[in-house]
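> The following block contains a protein sequence and its predicted model.
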Amino acid sequence: MKYRINHNLLRNKGMTLPEVVLSVAMLSAFSAVFVIVTQFTASFYKPRSRPVGVEPYDFINDYNTLLIKMDRISYILNQPGYSKEEILDLNCTDKPYGPYDDDGWDLPGADIPKTPVGYKICIKPSSDMPESDLVELISNKEGAKPGIYILYAIPVNGVSGESLPVRRIFCRPQPFC
């Protein structure tokens with residue numbers, strides 16, 4: 001029995017040339033498929049570019065920052081001190097607290113978080129419920145009603161898995177809502 005095992009080991013001289021070629025071809029094909037699948041999967045995990053020293057991208061963090069910012073902006077804009085004409089003149093911006101000459105809205109408030117990179121804040125009135133004049137609201141004129149406005153943040157580079165639009169609906173002027 002011992003002689004037979006050794007005899008079989010001596011007869012085994014390794015792989016033939018066609019077997020080597022076939023095994024190298026299979027290894028190359030497997031490696032190529034692995035690299036292609038890995039590159040495709042990694043393309044979904046590319047981080048957004050941000051300046052050095054800024055915390056890494058986090059969709060939930062950006063979404064929360066936008067909601068806080070929009071809550072504070074809607075609280076400011078629903079005050080009767082702003083006329084409906086002033087609100088209708090506001091353009092989309094990423095700096096609502098910046099000065100007018102810097103494409104901002106010049107809103108008061110110092111503790112407002114910055115707009116996340118890649119978003120613009122916009123406002124538009126609801127087409128179904130336009131705001132009446134303040135004089136009509138104060139005098140309680142028949143048919144006078146407060147206005148509904150939509151404050152929304154749109155991604156500059158389009159909607160993707162990393163950036164989604166956010167909106168806030170609010171009523172103004174606040175004392176008449």
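Alright, I've got the coordinates. Worth saying up front: this structure is predicted, and the values here are computed from it rather than measured.
> contacts, neighbours, all on C-alpha from now
Noted.
> Now name the helix or strand holding residue 18.
helix 17-42 (DSSP states H and E).
> ok, then the element right after that helix?
Following helix 17-42 in sequence, per DSSP H and E, is helix 59-77.
> any idea which strand is longest in the chain?
strand 147-155 (DSSP state E).
> which strands and helices sit next to that strand?
Applying 3 or more C-alpha pairs under 8 Å, 6 or more residues apart in numbering; DSSP states H and E, we find strand 147-155 packed against helix 59-77, strand 119-125, strand 166-172.
> For that strand, give me every contacting residue.
66, 70, 74, 118-126, 129-132, 163-173 (C-alpha atoms under 8 Å, 6 or more residues apart in numbering).
> Give the pairing partners of it; include direction for each.
Strand pairing for strand 147-155, determined by DSSP bridges: strand 119-125 (antiparallel), strand 166-172 (antiparallel).
> List the buried residues for stretch 20-32?
By 16 or more other C-alpha atoms under 10 Å, stretch 20-32 has no buried positions at all.
> how far out from the middle of the chain is that stretch?
43 Å (C-alpha atoms, centre = their mean, to the nearest Å).
> And stretch 146-154, by the same measure?
How far stretch 146-154 lies from its chain's middle: 19 Å, per C-alpha atoms, centre = their mean.
> Could you list the alpha-carbon positions for that stretch in CSV?
Extracted C-alpha coordinates of stretch 146-154, given in CSV (Å, rounded to 0.1, in the frame of the first residue of the first chain):
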residue,chain,number,x,y,z
PRO,A,146,-53.8,85.6,4.9
GLY,A,147,-51.4,84.1,2.3
ILE,A,148,-49.9,80.7,2.1
TYR,A,149,-46.2,80.6,1.0
ILE,A,150,-43.9,77.8,0.0
LEU,A,151,-40.3,78.0,1.1
TYR,A,152,-38.2,75.4,-0.6
ALA,A,153,-34.6,74.4,-1.0
ILE,A,154,-33.6,73.0,-4.3
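> quick one: average confidence on it?
Stretch 146-154 carries an average pLDDT of 88.
> Stretch 66-79 now?
Here the average pLDDT along stretch 66-79 is 86.
> what residue ranges in this protein score low on pLDDT?
Scanning the chain for pLDDT under 70 picks out 1-12, 46-57, 94-104, 109-112.
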